[in-house]
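**Q** Show me how the following folds:
(chains A and B)
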There are 2 protein chains.
Amino acid sequence: MTAIQFEIEDRDATSRARVGRVTTPHGAFDTPAFMNVGTQATVKGLLPEQVAAVGAQIILGNTYHLMLRPGSELVDRMGGLHAWMRWDGPILTDSGGFQVFSLSDINRINDDGVTFKSHLDGAMIELTPERSMQVQNQLGADIIMAFDDCPPAQTKNDHQLARAKGMGLPAEAGMDDAGYHQRVQTANERTLRWLERCIRAHGRPAEQALFAIVQGGTDLTQREWCASRAGELDLPGYAIGGVAVGEGTDDIKRVVDHTAPLLPDGKPRYLMGVGYERDIVAAVRAGVDMFDCVLPTRNARNASAFTPTGPIRLRNARFRDDPAPIDPGCDCPACGGGFSRSYLRHLFAADEMLGGILVSLHNIRHFQRLLLDIRRAIRENDWSFVADAWPVAGV
Amino acid sequence: MTAIQFEIEDRDATSRARVGRVTTPHGAFDTPAFMNVGTQATVKGLLPEQVAAVGAQIILGNTYHLMLRPGSELVDRMGGLHAWMRWDGPILTDSGGFQVFSLSDINRINDDGVTFKSHLDGAMIELTPERSMQVQNQLGADIIMAFDDCPPAQTKNDHQLARAKGMGLPAEAGMDDAGYHQRVQTANERTLRWLERCIRAHGRPAEQALFAIVQGGTDLTQREWCASRAGELDLPGYAIGGVAVGEGTDDIKRVVDHTAPLLPDGKPRYLMGVGYERDIVAAVRAGVDMFDCVLPTRNARNASAFTPTGPIRLRNARFRDDPAPIDPGCDCPACGGGFSRSYLRHLFAADEMLGGILVSLHNIRHFQRLLLDIRRAIRENDWSFVADAWPVAGV
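**A** Below you'll find the predicted structure:
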């Protein structure tokens, strides 16, 4: 009894990359897939039909936000998240764990779960593996995530700590290597115990596929232990968590290269919260099938547009008289629709919503086009587009 | 040599209402017409294709805002307003006069023009009939408006004054009737002199139709004088200005009923800044052909949705569990798309842009459907829909 089917259609000759298709109760999506984030039951500023029109096949909802507002019981009464937000395609919800650890004021954490203060009204809320499953069962996404203990990023100096906190990431000051590894191991063991409780508490396994999350930070031994133990539980999919939480690109690549192949070959592999174009390409070549990230839409609202030659900041005065679209090679409603950089700069200067909307559509399309190129590269064993089109990928 | 053609296709048997069509260099629009406002070269939050999809055939741009930011010279270099904002249909621009008198800090006003401080950066700007024509010629709208002297609303007590100022309307305290009529007459005579200067300064009469504006406040004798003098100048269209600036529905109806028939029968008649459904119905029956108002989109962003039984405020807690659309009889993307009041309430509670976007689409459609009903009523000499569907029209 499983809610999803995963079919691998082709494999890359030069890497571990695979191209395939995940079929869910609400339709299928192609892998490798990039999922756009719809935190509060909306991809910010866009109608579902606009999100679908730029190529998105699956979106992500946030359990933490939706349990606080409007509450999953309400969404359930309204027919579930798909019906309520009018997105008929596949949806994935996270477990709430990451947001509890990064956004909230934690009051108590022990083996039972986490008690925290709501960032909305200060109410004291308890989140446990059982409660996370109940909330996700009520929301009704096609893929749901296990509730995990997210260890903080290892920040070896004040600069790294400030940067991690600035990104809203869980981080602790002054951890040495020994302290970090101990913290990761404790979180990892708890994550496994919580995973087993999630499996027992999951009430709709025929309609919702529960994915495990492999933690372990930058400690490859911990990654191996967690992947092995979680793999024995034979879940419909496996995620790599705790990546891109403040560490550099080299550490992301090292952890993903090592961990992805440890996950069951026949199940979708999901790298959570990643990321920039080069990180995605590297992870696909390590064998990852699914990605999510807020970058396309969050950066869009800050006037930052992705292009094959790197991001451009549309508030910049140099675009005042620029009649060109963001990216002449793009077929999104902004570029294909003939909206110029000059016009987009005006919209941001005038605080007009349409600026963030048009650039959101462009940035989503940019990532969907990257994934189209990646899937083609795997089928044709030809990755030349990476060097041609994505020479600069990070910001 | 004229930029537009106006064809009256049918007349109502029981009133002065007419149904027709205005053809411009960028396509035609049906009259009576409701124009949605795109102040800063965008209907807030909506792509042009979305605005067109809910039935809008002509939109309005604001000369005052666009001359300050980004500047009409820039828009001209970018190919004009149509090309720059990607709206291929008819556009009307106002003259800047109303905003100068209502939004800016006026430094000096005399027969030459108005000098004011920009509300954006405090720069001292001069607006004259000639400059307004130059700016509107550069923006390139199909219909442009004469620069007029907008007399303040007559506020007889502190309550009326506070209300007018709260609405951003020009108002002066403590005017008695004699003072008011003197002020209206002075403004009216200046408006006529400025109209003659606009006609001489207008550089693109073959591509842009210049409309005169008839002022006169609530003084019917002044309205007659201005309509008569402006009518002699044989312009392509005539507007009634200075209405709905703080006076009540009865005064609006009295002025419009009296003034509309004074305007040339064969030219489009435009009632500026009006308004609510009942005001529009009454004005159409007096012989008005064109309307504009910010209500649909401004109220939408404040969670106020128009319905045939009056507006509803979607932040209200009573909509928390309401699975119904805003208006079951509506075919807009919000109602026809199945978005519930419950979901819309959540979007506003969570400060999500999509709330204002969906209700903007609904409210625009609401007014376009009203105008469809009005045009049908004129053709069929059957106004029963008014009593049936719009029993409560004001807020």
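**Q** Wait, A:A141 touches A:I91, no?
**A** Yes. Judged on C-beta atoms under 8 Å, A:A141 makes contact with A:I91 at a distance of 4.2 Å. C-beta coordinates here come from the backbone N, C-alpha and C atoms, glycine included.
**Q** mind listing what the one residue in the stretch 151-300 of chain A that gets nearest to chain B touches?
**A** Per C-beta to the nearest C-beta, A:T297 is where the stretch 151-300 of chain A lies closest to chain B, at 10.9 Å. Residues near A:T297 by C-beta atoms under 8 Å, 6 or more residues apart in numbering or on different chains: A:N36, A:V37, A:V43, A:K44, A:G45, A:S360, A:N363, A:I364.
**Q** For burial, what's the neighbour tally of the first one?
**A** Spelled out, it's A:N36. Using other C-beta atoms under 10 Å in any protein chain shown, A:N36 is surrounded by 26 other residues.
**Q** so what's it bridging to?
**A** A:I59, A:C293 (DSSP bridges).
**Q** residue contacts, it?
**A** Taking C-beta under 8 Å, 6+ apart as the test, what A:N36 contacts is A:V43, A:V51, A:A56, A:I59, A:L60, A:D292, A:P296, A:T297, A:I364, A:F367.
**Q** with these in mind, which one is nearest to B:L372?
**A** Nearest to B:L372 among the contacts of A:N36, counting by C-beta to C-beta, is A:V51 at 30.1 Å.
**Q** Point me to the helix or strand that includes that closest one.
**A** helix A:48-53 (DSSP states H and E).
**Q** Could I get the buried residue list for that helix?
**A** A:P48, A:Q50, A:V51 (16 or more other C-beta atoms under 10 Å in any protein chain shown).
**Q** and that helix, C-alpha only, in PDB?
**A** Taking Å, rounded to 0.1, in the frame of the first residue of the first chain, the C-alpha atoms of helix A:48-53 are listed here in PDB:
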ATOM      1  CA  PRO A  48      -2.200  28.500  -9.100                       C
ATOM      2  CA  GLU A  49      -2.800  28.700 -12.900                       C
ATOM      3  CA  GLN A  50       0.200  31.100 -13.300                       C
ATOM      4  CA  VAL A  51       2.400  28.800 -11.200                       C
ATOM      5  CA  ALA A  52       1.400  25.800 -13.400                       C
ATOM      6  CA  ALA A  53       1.800  27.900 -16.600                       C
END
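**Q** one step back: select only the buried ones of the contacts of A:N36 in ChimeraX?
**A** Per 16+ other C-beta under 10 Å, the buried members of the contacts of A:N36 correspond to this ChimeraX selection:
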select /A:43,51,56,59,60,292,296,297,364,367
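**Q** could I get the contacts of A:N36 as TSV with pLDDT and distance to A:E189?
**A** Listed next are the contacts of A:N36 as TSV, based on pLDDT from 0 to 100; distance: C-beta to C-beta, whole Å:
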residue	pLDDT	distance to A:E189
A:V43	98	36
A:V51	98	39
A:A56	98	36
A:I59	98	32
A:L60	98	27
A:D292	97	26
A:P296	97	35
A:T297	97	35
A:I364	98	38
A:F367	98	35
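**Q** in terms of contact, does A:H65 touch A:F98 like I think?
**A** No. If you go by C-beta under 8 Å, A:H65 and A:F98 don't touch, sitting 11.5 Å apart.
**Q** Have a look at those two and say which one is more surrounded.
**A** Between A:H65 and A:F98, counted using other C-beta under 10 Å, A:F98 has the larger neighbour count: 24 against 19.
**Q** helix, strand or coil for the more buried one?
**A** Of the three states, A:F98 takes helix under DSSP: H, G, I helix; E, B strand; the rest coil.
**Q** Quick check, it in contact with A:C150.
**A** Yes. Applying C-beta under 8 Å, one finds A:F98 in contact with A:C150, separated by 5.3 Å.
**Q** Give me the common contacts of the two.
**A** A:G241.
**Q** List just the nearest of the contacts of A:T297 to chain B.
**A** A:G45 (4.2 Å).
**Q** I'd say the closest one and B:D351 touch.
**A** No. Counting by C-beta under 8 Å, B:D351 is not a contact partner of A:G45; they are 11.7 Å apart.
**Q** Would you mind telling me which of those two has more residues around it?
**A** Neighbour tally, A:G45 and B:D351, criterion other C-beta under 10 Å: the higher count belongs to A:G45, 24 against 9.
**Q** From A:S342, how far out is the more buried one?
**A** 21 Å (C-beta to C-beta, to the nearest Å).
**Q** State the mean pLDDT of the helix or strand harbouring A:Q138.
**A** Applying DSSP H and E as the criterion places A:Q138 in helix A:129-139. Taken as a whole, helix A:129-139 has a mean pLDDT of 98.
**Q** can you list the residues that contact it?
**A** Here helix A:129-139 has contacts from A:61, A:63, A:66-67, A:72-73, A:75-76, A:80-81, A:93, A:95-97, A:113, A:144-147, A:194-195, A:197-198, A:201-204, A:208, A:210, using C-beta under 8 Å, 6+ apart.
**Q** What subset of those is buried?
**A** For those, a neighbour count by 16+ other C-beta under 10 Å gives the buried set as A:61, A:63, A:66-67, A:72, A:75-76, A:80-81, A:93, A:95-97, A:113, A:144-147, A:194-195, A:197-198, A:201-202, A:208, A:210.
**Q** Out of these, which sit inside helices?
**A** A:63, A:66-67, A:72, A:75-76, A:81, A:97, A:194-195, A:197-198, A:201 (DSSP state H).
**Q** can I get those residues in TSV with distance to chain B?
**A** Formatted as TSV, these follow (distance: C-beta to the nearest C-beta, whole Å):
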residue	distance to chain B
A:T63	15
A:L66	9
A:M67	13
A:S72	12
A:V75	9
A:D76	11
A:L81	10
A:G97	21
A:W194	28
A:L195	30
A:R197	30
A:C198	27
A:A201	26
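**Q** what would the residues you listed look like in TSV with distance to B:D158 and pLDDT?
**A** Output for these, formatted as TSV (distance: C-beta to C-beta, whole Å; pLDDT from 0 to 100):
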residue	distance to B:D158	pLDDT
A:T63	53	97
A:L66	48	98
A:M67	50	97
A:S72	51	98
A:V75	49	98
A:D76	52	98
A:L81	52	98
A:G97	58	88
A:W194	65	98
A:L195	68	98
A:R197	67	98
A:C198	65	98
A:A201	64	98
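**Q** Let me see the contact set for the closest residue to A:V294 other than its chain neighbours.
**A** Nearest residue to A:V294 in three dimensions, chain neighbours excluded: A:V37, at 4.8 Å (C-beta to C-beta, 6 or more residues apart in numbering or on different chains). Neighbouring residues of A:V37 by C-beta under 8 Å, 6+ apart: A:V43, A:I59, A:L60, A:N62, A:D292, A:C293, A:V294, A:T297.
**Q** so can I have CSV of these showing distance to A:R254?
**A** Supplementary listing: the contacts of A:V37 in CSV, determined by distance: C-beta to C-beta, whole Å:
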residue, distance to A:R254
A:V43, 32
A:I59, 30
A:L60, 26
A:N62, 28
A:D292, 21
A:C293, 20
A:V294, 24
A:T297, 28
